[in-house]
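Visitor: Pasted the sequence and its predicted model underneath.
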Amino acid sequence: MSYINSKAEQISSTILSNKRVGQYHQILLNVGAVVKHCRPGNFVVMSVGGENSSLILRRAFAISRTSDRGEYGGTLELIVAPHGSGSRWLCSQPEGATVDLVAPLGTPFGIPTTPVQALLIGGGYGSAPLFGLAEVLKSRGCRVDMILGASTSAKIYAPLEGKRSVSSLKIYTEDGSTGIMGKVIDPLAQLCELGEVDVIYSCGPMGMLAAISTIAQTHEVIHQCAVEESMACGVGICMTCVLPVLKDDGTISMLRSCIDGPVMDGARVQWASVGQSS
Amino acid sequence: MSYINSKAEQISSTILSNKRVGQYHQILLNVGAVVKHCRPGNFVVMSVGGENSSLILRRAFAISRTSDRGEYGGTLELIVAPHGSGSRWLCSQPEGATVDLVAPLGTPFGIPTTPVQALLIGGGYGSAPLFGLAEVLKSRGCRVDMILGASTSAKIYAPLEGKRSVSSLKIYTEDGSTGIMGKVIDPLAQLCELGEVDVIYSCGPMGMLAAISTIAQTHEVIHQCAVEESMACGVGICMTCVLPVLKDDGTISMLRSCIDGPVMDGARVQWASVGQSS
Amino acid sequence: MTQDFDFSTTLGTAWFPSPLFTASGCASSGRELSQFFPLSDIGAVVTKSIMLKARTGRPTPRMAETPSGMLNSIGLQGPGIDHFLANDVPWLVENGARVIVSIAGETVDEYAVLARRLRSIGGISAVEVNISCPNVENRGQVFACDPQASRAVIDGVRRTLGGDLPIIAKLSPDVTDIASIAKAVVEAGADALALINTLLGMVINTDTMRPHLGGKTGGLSGPAIRPVAVRAIYQVHAALPSVPILGMGGVRSGRDALEMILAGAQGVSVGTASFSNPSAVLMIQNELLGLLKAKGFGSLHEAVGFAHRDELADVE
Amino acid sequence: MTQDFDFSTTLGTAWFPSPLFTASGCASSGRELSQFFPLSDIGAVVTKSIMLKARTGRPTPRMAETPSGMLNSIGLQGPGIDHFLANDVPWLVENGARVIVSIAGETVDEYAVLARRLRSIGGISAVEVNISCPNVENRGQVFACDPQASRAVIDGVRRTLGGDLPIIAKLSPDVTDIASIAKAVVEAGADALALINTLLGMVINTDTMRPHLGGKTGGLSGPAIRPVAVRAIYQVHAALPSVPILGMGGVRSGRDALEMILAGAQGVSVGTASFSNPSAVLMIQNELLGLLKAKGFGSLHEAVGFAHRDELADVE
Ligand SMILES: Cc1cc2nc3c(=O)[nH]c(=O)nc-3n(C[C@H](O)[C@H](O)[C@H](O)COP(=O)(O)OP(=O)(O)OC[C@H]3O[C@@H](n4cnc5c(N)ncnc54)[C@H](O)[C@@H]3O)c2cc1C
Ligand SMILES: Cc1cc2nc3c(=O)[nH]c(=O)nc-3n(C[C@H](O)[C@H](O)[C@H](O)COP(=O)(O)OP(=O)(O)OC[C@H]3O[C@@H](n4cnc5c(N)ncnc54)[C@H](O)[C@@H]3O)c2cc1C
Ligand SMILES: Cc1cc2nc3c(=O)[nH]c(=O)nc-3n(C[C@H](O)[C@H](O)[C@H](O)COP(=O)(O)O)c2cc1C
Ligand SMILES: Cc1cc2nc3c(=O)[nH]c(=O)nc-3n(C[C@H](O)[C@H](O)[C@H](O)COP(=O)(O)O)c2cc1C
Ligand code: FES
Ligand code: FES
């Protein structure tokens, strides 16, 4: 046996609820004991399209929140943007439908052993895993500030309950339809300069993660980001999801974002050469 | 414009009900004005598997009965055997689901202009179009006898209402679980000899149709049979569904069973060379 | 159909108001589809490949559905060229369809004889030469698999036909180097290329434990083969940028047609998709028109081969 | 696993308790799947093709989903043979897996050098030689597309390796005549054939209007290509009935594996299906075993090539 995917299980899971929230669907799944091993930053992969589907690959979704209490036992929640055929299929599934799931996968966010000042930055549905993370950080005595951004208000995912675990929440939209008009990175340099940030946790589009990495590096702030690369398998066997990452020995390796990520050290990802052959 | 497919329309149709009857599903579809052109012997073709289906070809089903009265306007009924992926998908569709349908297609059974003694023979779900046919024949003053057969009782489709339009109904099952143990052709020679049959109408497996043809020809009884060949398009454009048929000029032609059938003159079909190249 | 947008296309000297065509063998003689849309509304009807003599074709079963595709083994069933020219072409012309006649032969000569029959026929826009047929003079090897045989066929057709009717050579993807076959037929006088014919495939029926098709092997078509078709179009357009390509293979939406146009196709034929949707050609035509406009192109022509725009060399 | 039924198979001198293998490049180094089933439960793990030096592979995006298939352009990313032999093979052997090492080179020599490295390594059951790589010495043409180049590679490997380890030559379907390539490599010393590698394909991204993959073209795999794989297996088995074939291409159920066995495969590799179901190999193995027994076969061997039973001649 190997350490890779060591907590992962393939299960048939029932959709307990499927609610539209802005432009997203909040989907609650019954996953039983699997939930015990799910950490913020982990993701699931899921078959889509049903029995005779021409969509042969699994789709990856970040685990937004988990619960092992309540009437159903272990549940986990996904926040899904209806993007292409597969995610639209998932968003159209009724309560009671079952889906084939492999979970949990990937590296979780690292949790500091001492209380720190954490800044959580989410873009679009990238906020999904941050609320679960916020709860954990808060329970460890951290100060948790959160900045969320999206192009428009319907693409901001910020559930009421989630807000309770954060000390502050700022929202940016590009069209100004909610919160401040602008982008999540606008205030970042200043916050780092004020010394109010020890660790940045981020999740969102690759461009946003790259921009945060630059600022974080300038200010020598640790930056843990959850990356998102096109994935065919999610379990490390296809080599499609690679990113160039600087290793300890000074070499650059094409690491699989499904098993060596999605959470990676932003300072090590070679953002400029993502998507290029080397 | 051409006479081929001249009544056919492509429509989106709603499933009004889907009931299990023995080993079949009785599926009622809302088809609006299309119903006016549906005759016994016509069939429909239907897309299966939903939006991202890997099943790219339509499935053909005989029209069992039609109605242009009642709360829904035009409706038609199919009797579907869950056979492979496509028919199983159809049988699993809930009430209210919509399916993409082309109807009506193919040649209908020919209706005699004078009252005759008609014998209707159905094998398995092949009985489906016969009850509608029986009603029409009866309304024209014909005597209608019916023989249905199948391997076992759950594969006999013989709805109560349907029985009203026939003068006699005999059932044969190979395992004897219902009716007489045996095959539908067992009594056929004798019935023909007795002079009780002017026309045979049949629908069922090809082997059964071939056997009926032989007996009908011996006794010089007209035999209209609805054939069933593997069909890719159902509308005459693919040439997959061909059967060798004797033409008036004495030549044998590979006719398309979707537009030159499914109802054909049993005496003309070259049963022995079906499935062979010529 | 359009005001501000030029949706027309050409293949050699033939002009078509729209780039959407039926695919040979997937619209029969045209009549069958005319109930679903007026044939004059689309670019052209490509007729099923016609041979010299009437043919009964291959044994049934002639088709097998495969994941996102199908196999067919029709074996070029048809009435023979004389009956076809007397009955089917006039009907299409009367009904306002632009007609591309597809021809198929068993010998190099037979293609030339077919071409001679077409010389005097009015109303035909172009000839598609289906060279994916077994060459009875050469161990039954398919013409399109051999550059020499392909060249000989097109050469014979070109000479017999004279200079008027454009010749579209239809190639098979079952070759090691499709660009070299393309070059051979263009040198021999083809004005345009049709890419691609079906891939040779097979299904074993696990009940009978024998080949499912009566003809054993069959041609694979449908969405399953689209990536192979797009690759072939892209490669051939890179190698021969000035030769018009009629693209086909698994197109079932405007998006798919656009993919082929961007790869280098000047026209798109729709085959198997018509089996699942008899109005597919017209629907795809409308979708493609909408997409091209939405992307800001001023004409179809501007989009042809657009995916090659930052390249200089061939793809490999 | 079985009592009354002999499910074992051989490829050359190598024996395997089951005919179900992973496909090269679709199980990484094996560790990743071992959470989902014990690797010792299946026939063998075929490792991803390893080259002499470490390689970073091709740019991302490296995959595109296509109807019932996918394109990949990984470009043989890997750590190089030395690291691989030091780390991955011992781990597999310790975990009880039977190991087939897949090798890939850019020159005929490189294959031989790779073979030399394998000579002294214990625990390897066979070598799969992936000749679907561009030959840098010959205009980048893929080895497997040229009988001479294919022969040269296998010949070099055979000489260097000596007579012990069975050699499985993995062929590409992108050729005009796969049986002739098969004959060439068998003459050069291949003990078995792996059929098929991916088909060359391409997707144009209609948003960017450029080739979707970073590497432009990619290899098409998955159920979409199964009819092509079955045809290749059937043709090659007909041409070389005594040469064992490892079949692959779109297998995702026991039925699909049975189809390949009936067509002539002695073993079946599962690739893309593992991406959609990490336990696919084991599940397919169980399904196949059940089907073979249900059909009344007494051993796997009896079913191999069974679809050819009423034939004498080749298929064309
Ligand atoms: C680790 C991870 C976590 C993710 N978390 C979420 C989430 O919480 N909520 C959410 O809405 N989406 C999330 N995504 C993105 C989600 O996986 C894609 O939106 C989805 O796969 C698109 O599938 P589709 O069929 O709708 O689109 P299509 O574009 O039709 O998909 C075609 C193919 O490309 C792949 N693909 C397309 N976009 C992406 C993408 N952005 N990332 C990876 N593969 C892609 C698909 O898996 C599929 O194989 C996440 C992706 C990753 C890698
Ligand atoms: C004119 C006609 C009328 C029919 N009427 C009925 C009916 O009333 N009730 C009913 O249950 N079935 C009927 N059938 C048979 C029905 O079409 C098949 O059972 C169905 O297509 C099987 O599809 P599948 O996906 O379930 O099976 P699969 O075996 O997976 O189908 C694979 C492919 O083969 C084709 N195919 C398989 N079996 C048949 C067949 N028997 N005839 C034609 N094509 C086939 C399918 O269309 C599909 O393209 C009729 C067929 C024809 C031609
Ligand atoms: C049933 C059928 C019959 C065909 N007959 C012919 C033919 O007669 N001549 C020809 O050149 N191509 C023929 N083809 C190939 C198509 O014209 C087309 O090249 C191929 O099917 C790929 O396109 P598609 O995926 O859109 O069907 C046939 C294809 C099918 C499915
Ligand atoms: C992501 C991916 C990587 C592959 N890498 C290799 C490889 O390194 N060497 C090789 O010989 N084949 C490679 N293949 C081809 C497969 O081994 C197999 O031949 C092909 O995918 C067809 O089988 P499938 O449809 O079951 O995947 C790869 C296939 C995929 C999808
Ligand atoms: S998604 Fe397959 S290796 Fe990462
Ligand atoms: S089913 Fe296509 S011609 Fe009859």
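Guide: Alright, I've got the coordinates. Numbering: from 1, shown residues only, chains lettered A, B, ... in the order given. Ligands and ions are numbered 1, 2, ... in the order given.

Visitor: what about the chain, any weak spots by pLDDT?
Guide: I went with chain A, as the question did not name one. Where chain A drops to pLDDT under 70, the residues are A:1-2, A:276-278.

Visitor: actually it's chain C I care about, not the one you picked
Guide: Applying pLDDT under 70 to chain C flags the ranges C:1-3, C:312-316.

Visitor: the helices in it, which residues?
Guide: Assigned by DSSP state H, chain C shows helices spanning C:81-94, C:108-118, C:147-161, C:178-187, C:226-239, C:254-263, C:273-276, C:280-294, C:300-303.

Visitor: got the buried residues for the fourth one?
Guide: In this case it means helix C:178-187. Buried positions in helix C:178-187, judged by neighbour count with 16 or more other CB atoms under 10 Å in any protein chain shown: C:178-179, C:181-186. The C-beta positions use only the backbone N, C-alpha and C, and glycine is treated the same way.

Visitor: Disregarding residues adjacent in the polypeptide, which is nearest to residue 79?
Guide: Looking at chain A here, since you left the chain open. residue A:128 (3.9 Å; CB to CB, 6 or more residues apart in numbering or on different chains).

Visitor: please go with chain C instead
Guide: In space, not counting the residues next to it along the chain, residue C:79 is nearest to residue C:54; the distance is 5.2 Å by CB to CB, 6+ apart.

Visitor: same question, residue C:157
Guide: Nearest to residue C:157 is residue C:115, by CB to CB, 6+ apart, at 4.4 Å.

Visitor: Which strands and helices lie in contact with the longest strand belonging to chain A?
Guide: Determined from DSSP state E, the single longest strand within chain A is strand A:9-21. Packing partners of strand A:9-21 (3 or more CB pairs under 8 Å, 6 or more residues apart in numbering or on different chains; DSSP states H and E): strand A:24-30, strand A:98-105.

Visitor: hmm, back to that, the residue nearest to residue C:157 - how many residues pack around it?
Guide: 24 (other CB atoms under 10 Å in any protein chain shown).

Visitor: cool, residue C:296 as well?
Guide: Residues near residue C:296, counting by other CB under 10 Å, number 8.

Visitor: Phi and psi next, for the residue in the stretch 101-250 of chain A that chain B sits nearest to.
Guide: Nearest residue of the stretch 101-250 of chain A to chain B (CB to the nearest CB) works out as residue A:232 at 16.9 Å. Dihedral pair for residue A:232: phi -90, psi -40, per degrees, to the nearest 10.

Visitor: Distance-wise, check it relative to ligand 5.
Guide: With distances taken as CB to the nearest ligand atom, to the nearest Å, residue A:232 is found 5 Å from ligand 5.

Visitor: Spell out which parts of the stretch 151-300 of chain C neighbour chain B.
Guide: Where the stretch 151-300 of chain C comes near chain B, counting by CB under 8 Å from any CB of the partner chain, the residues are C:214-215, C:222-223, C:272, C:274-279.

Visitor: Name the residues that touch the longest strand of chain A?
Guide: A:25-32, A:34, A:72, A:75, A:79, A:91, A:93-103, A:157, A:159, D:36, D:277-279 (CB atoms under 8 Å, 6 or more residues apart in numbering or on different chains).

Visitor: helix/strand/coil for the residue nearest to residue A:79?
Guide: Following DSSP: H, G, I helix; E, B strand; the rest coil, residue A:128 is assigned to helix.

Visitor: Wait, it touches residue A:66, no?
Guide: No - Residue A:128 lies out of contact with residue A:66 (CB atoms under 8 Å); the separation is 11.9 Å.

Visitor: Quick check: residues of the stretch 201-316 of chain C near ligand 3?
Guide: Contacts of the stretch 201-316 of chain C with ligand 3, taken as CB under 6 Å from any ligand atom, map to C:219, C:221-222, C:225, C:248-251, C:270-273.
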